[in-house]
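A.B. asks: Sequence first, predicted model second:
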Amino acid sequence: ERLFREEILQRLSTRKNPFEILLEGKAFSPLDSLFYLDLRSYIPDDINVKVDMASMANALEVRAPFLDHELVELTAQMPADYKLRLGKGKLILREMLAPHLPQEILQRGKKGFSVPLSAWLRGPLQEEARRILFDSEGLAMQLLKPQALEGLFEGHLRGKDYGKKLWTLLVLNLWQRHYTVEANL
């Protein structure tokens, strides 16, 4: 909230969060709400898209066995402490595989499809990112306080990791430019 211009905050305060709309009428625990949101948005709109593109580029037909509807339905009915305990997820799967896999594999963290955004924004993309982010016609400058955006960018250059936030704002400006969207703010 400290980043947004005051007039934008006032307009946002009257709107519903898209996730609230998605969850309306559903009585889930906080953990199950997060799982539901992942299942309805993050997995199909992000993870599955990336897997599909990578597999098609290599002429592979990929299956996601953990997304089998019967398995998803079964795990949805399990108590929360079967799913997550002390920050560790997939407890039942880990216990089932323990006799077959070394501990370093069972304890290893996730490895995603990420790119080195933070390094790129401090290095080869720094000047281009600055030019795009601080475009006075861009949505980033229209939505955010200029000093807040400057603080994010400079903080990132000094070592804080604001790469994802800056990238999101950068892509927002590029999207606006590409589609010549009028801001109407």
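C.D. replies: Ah, there it is. Residues are numbered from 1 along each chain as shown.

A.B. asks: End to end on stretch 80-97, go ahead and measure it.
C.D. replies: Length of stretch 80-97, first residue to last, CA to CA, to the nearest Å: 20 Å.

A.B. asks: That one: which residues count as buried?
C.D. replies: residue 83 (16 or more other CB atoms under 10 Å). No exception for glycine: its C-beta is placed from N, CA and C like everyone else's.

A.B. asks: pLDDT of that stretch, averaged?
C.D. replies: The pLDDT scores in stretch 80-97 average 84.

A.B. asks: Need the contact partners of it.
C.D. replies: With CB atoms under 8 Å, 6 or more residues apart in numbering as the test, stretch 80-97 has contacts from 29, 31, 32, 35, 75, 78, 106.

A.B. asks: how about a cut-off of 10 Å?
C.D. replies: Residues outside stretch 80-97 that contact it (CB atoms under 10 Å, 6 or more residues apart in numbering): 29-32, 34-35, 66, 74-76, 78, 101, 103, 105-107, 110.

A.B. asks: As a check, name the ranges of all strands in the chain.
C.D. replies: Under the criterion DSSP state E, the chain carries strands at the ranges 84-85, 88-89.

A.B. asks: Rebuild the ones you listed as a markdown table, extending it with distance to residue 124.
C.D. replies: Shown next, in a markdown table, are the strands of the chain (distance: least, CB to CB, whole Å):
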| stretch | distance to residue 124 |
| --- | --- |
| strand 84-85 | 38 |
| strand 88-89 | 35 |
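
A.B. asks: Quick one: closest of the ones you listed to residue 171.
C.D. replies: Proximity of the strands of the chain to residue 171 was assessed by CB to CB; the nearest stretch is strand 88-89, lying at 28.8 Å.

A.B. asks: and the closest one, which strands flank it?
C.D. replies: Strand 88-89 sits in its sheet next to strand 84-85 (antiparallel), going by DSSP bridges.

A.B. asks: just to revisit the earlier point, give me the buried subset of the contacts of stretch 80-97.
C.D. replies: Using 16+ other CB under 10 Å as the burial test, the contacts of stretch 80-97 include 32, 35 as buried.

A.B. asks: residues contacting the spatially most central residue of the chain?
C.D. replies: The structure's the chain has its C-alpha centroid closest to residue 42; by CA atoms, centre = their mean the separation is 7.5 Å. By CB under 10 Å, 6+ apart, the contact set of residue 42 is 34, 48.
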